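*Asks:* Sequence first, then the predicted structure, then my questions.
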Amino acid sequence: MSPTLLQNSGHAFTRILALGAARGDLTVTNDDIAGPINSSDEWIRQRTGVVTRKRASRDVGAVDLAETAAREAIDRAGLTPEQIGIVLVSTVSNTTLTPSMATLLAERIGAKPAAAYDISAACAGYTYGIAQADALIKSGMADYVLVVGAEKLTDIIDPTDRSISFLLGDGAGAAVVGPSDTPGISPTVWGSDGQWSTIGMTSSFRDYREGGGDVAWPTIRQEGPTVFRWAVWEMVKVAGRALEKAGITSADLAAFVPHQANMRIIDEFAKQLKLPDTVKIGRDIETTGNTSAASIPLATHRLLQENPELSGGLALQIGFGAGLVFGAQVVVLP
């Protein structure tokens, strides 16, 4: 008779214990970048809602931003780095393909021997990380998971590109997820919707290496109108399904924190979801820009700083981006 294998026994519920944030050290105005794209401050504001964006100096990397955010989150959670069992970093701007940014971050903060790996899910990366942290803790794989969205998007933009470059900023947001006595993270609605070429790189690194100087460094582009329509019409449905999975309505929310893709998208979300005036909405894009995987935790961190009374309330968060991928869940705010 074969022996019975032992199984992990995890926690029944999880929640976000604390958040941390780091933004690029430079403030870049619309006037600073309008020239190369033959644009203006007015055009950028009307199309995107961005007034300024935070970008990092040349000697500041995405992992530096991740470390600052991670240390704040761990400290606010009342933990030590040694208590972190898994480190998840969501990023699309790690220009070192291997090892992962997560392993370097774990080493820097002293979280060894935590399991560590990167998640490549673009602007949905943070919600993917929260979903995985929730499942990993419930399965008994760890007690505490560090989830970080970290991007230095200025490493992969073309300043002359009018499709997305003017939107983007640099930053990192971190969350520590741990056990809870009551539900703190709802079931996640996530998936992918094809349209692979809608947001992506201009070429591959192989093309760049073998191009003999004729292929430029790969940079990011998007088909703006296609992405806008998809986000407005399809992602509102995903947000609605996330509310259903959580067993609540929009009237139960204290906050709504969508990916900071475009202010017009955010405002349309609020309208279609029929959010009450009492719901605080993350609009960090105005002064931070679109920071991809970092945008939701950065926007949530700012909301809590400016509205501490939101702590303990429910927030609907939804990420969506290249792939096209999406993820949404309701969380109890730390």
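*Replies:* Yep, it's here.

*Asks:* Quick check: which ranges of the stretch 201-334 of the chain have low pLDDT?
*Replies:* Judged against pLDDT under 70, the stretch 201-334 of the chain has no low-scoring part.

*Asks:* Can you show me the helices along it?
*Replies:* Per DSSP state H, counting those that start in this stretch, the stretch 201-334 of the chain has helices spanning 205-210, 224-246, 263-272, 285-288, 295-306. These are given in chain order.

*Asks:* Same list, these, but as CSV with distance to A175 please.
*Replies:* Where you see a C-beta, it was placed from the backbone N, CA and C, and this is true even at glycine. What follows is the helices of the stretch 201-334 of the chain, written out as CSV (distance: least, CB to CB, whole Å):
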stretch, distance to A175
helix 205-210, 31
helix 224-246, 17
helix 263-272, 21
helix 285-288, 17
helix 295-306, 6
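
*Asks:* which of those sits most buried?
*Replies:* helix 295-306 (a mean of 24; mean count of other CB atoms under 10 Å).

*Asks:* A73 is nearest to which of the helices of the stretch 201-334 of the chain?
*Replies:* helix 295-306 (8.7 Å; CB to CB).

*Asks:* quick one, domains of the chain?
*Replies:* Under the assignment automatic domain parsing, the domains of the chain span 13-180, 189-332.

*Asks:* Which stretch among the ones you listed is buried most, on average?
*Replies:* Most buried among those, given mean count of other CB under 10 Å as the contact rule, is domain 13-180, at a mean of 21.

*Asks:* Pull up the distance across that one, start to finish.
*Replies:* Using CA to CA, to the nearest Å, one end of domain 13-180 lies 5 Å from the other.

*Asks:* next one: stretch 287-295
*Replies:* 12 Å.

*Asks:* try stretch 7-15
*Replies:* OK, stretch 7-15 end separation, CA to CA: 23 Å.

*Asks:* and if you look at stretch 278-287?
*Replies:* 23 Å.

*Asks:* phi, psi of K152?
*Replies:* Here is the backbone geometry of K152 (degrees, to the nearest 10): phi -120, psi 80.

*Asks:* Start the count at 182 instead of 1 going forward.
*Replies:* All right, first residue 182 from here; so that's K333.

*Asks:* Pipe the domains of the chain into a markdown table and attach distance to S183 per row.
*Replies:* Shown next, in a markdown table, are those (distance: least, CB to CB, whole Å):
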| stretch | distance to S183 |
| --- | --- |
| domain 194-361 | 22 |
| domain 370-513 | 36 |
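
*Asks:* Contact partners for the nearest residue to I338 once chain neighbours are set aside?
*Replies:* In this structure, I338 finds its nearest non-sequential neighbour in S346, 4.2 Å apart by CB to CB, 6 or more residues apart in numbering. S346 sits next to 214, 218, 338-340, 400-401 when contact means CB atoms under 8 Å, 6 or more residues apart in numbering.
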